[in-house]
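Colleague: Need the 3D shape of this:
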Amino acid sequence: MKRSLYLVIFLCAMAISSVASNQTLDSIRAALKSKPTFVLGFNNRLSYVGVESSRTSKIYIGLDYNRTMRFELAFNAMPKAAVETDYLVRGGTIVRTNQMSYLGFQAEYTFFRSRRWKLSIPVQVGIGTNHSTRRFNNDLQFTGKSVVLPIEPGVNALYYFYDWLGAKAGVGYRLTFGKSLTSLSGTYYNLGVAVIAGELYQRIKHKDRKIFEF
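Modeller: Here you go, the predicted model:
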């Protein structure tokens with residue numbers, strides 16, 4: 001886990017250092033002056049709660065400015081509760097569960113782009129709730145709900161098959177403030193398919209442009 005955290009910190013630091021310049025700020029200002037395109041999508045992220053991996057699903061809508069800056073409003077949720085099990089030396093087990101859902105706002109800056117590749121830095125900030133339970137030898141001892149404030153910086157890579165379809169991968173770290181700071185903070189990974197709705201719409205709208213043509 002520590003090695004994964006160090007890798008994420010290194011990747012984020014390298015990406016941030018590459019964009020921390022006046023030239024970057026100028027490119028962001030120029031992008032925000034352009035007409036935005038509508039984006040929507042769905043993806044999954046794998047993160048670690050204790051030693052167990054857990055899935056967080058995300059559905060989002062947003063606006064993309066000149067393929068440089070993107071802003072998204074998203075709903076994030078864990079479809080299944082993350083389970084942590086402690087085996088006591090004197091016998092017995094303690095089972096803890098956490099299941100988080102939250103609204104998130106994400107800003108994403110693209111610091112490298114070629115014909116086929118796109119590298120970007122997303123940062124998502126959210127607010128939501130975590131449902132938690134604690135059982136000792138299958139006897140329910142505690143159940144509760146608490147407010148969580150997750151912050152998720154990362155680095156994403158996207159390979160384009162077409163200008164509206166690609167394969168996406170990313171890595172980052174989720175820092176969750178609140179009572180569940182230790183339980184829900186950790187490295188996350190994502191891998192999936194990206195559909196750029198605005199580009200697809202333009203392809204369908206302009207019939208002279210073939211959908212399956214780069």
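
Colleague: in the host helix or strand of residue 104, what counts as buried?
Modeller: Secondary structure here is read from DSSP states H and E; on that basis residue 104 sits in strand 93-113. For strand 93-113, the buried set under the neighbour-count rule, 16 or more other CB atoms under 10 Å, comprises 95-102, 104, 106, 108-111. Yep, even glycine has a C-beta here, placed from its N, CA and C like the rest.

Colleague: Mind listing the residues bridging to residue 56?
Modeller: The partner list for residue 56 in beta bridges (DSSP bridges) reads residue 45.

Colleague: ditto for residue 118
Modeller: Residues in a beta bridge with residue 118, per DSSP bridges, are residue 113, residue 158.

Colleague: Please report how far it lies from residue 63.
Modeller: Between residue 118 and residue 63 the computed distance is 17 Å (CB to CB, to the nearest Å).

Colleague: How about residue 103?
Modeller: With CB to CB as the criterion, residue 103 and residue 63 are 17 Å apart.

Colleague: Please apply the same query to residue 154.
Modeller: Using CB to CB, one obtains 20 Å as the distance from residue 154 to residue 63.

Colleague: Compare the two (neighbour count), which wins?
Modeller: Ranked by neighbour count (other CB atoms under 10 Å), residue 154 and residue 63 place residue 154 first, with 25 against 15.
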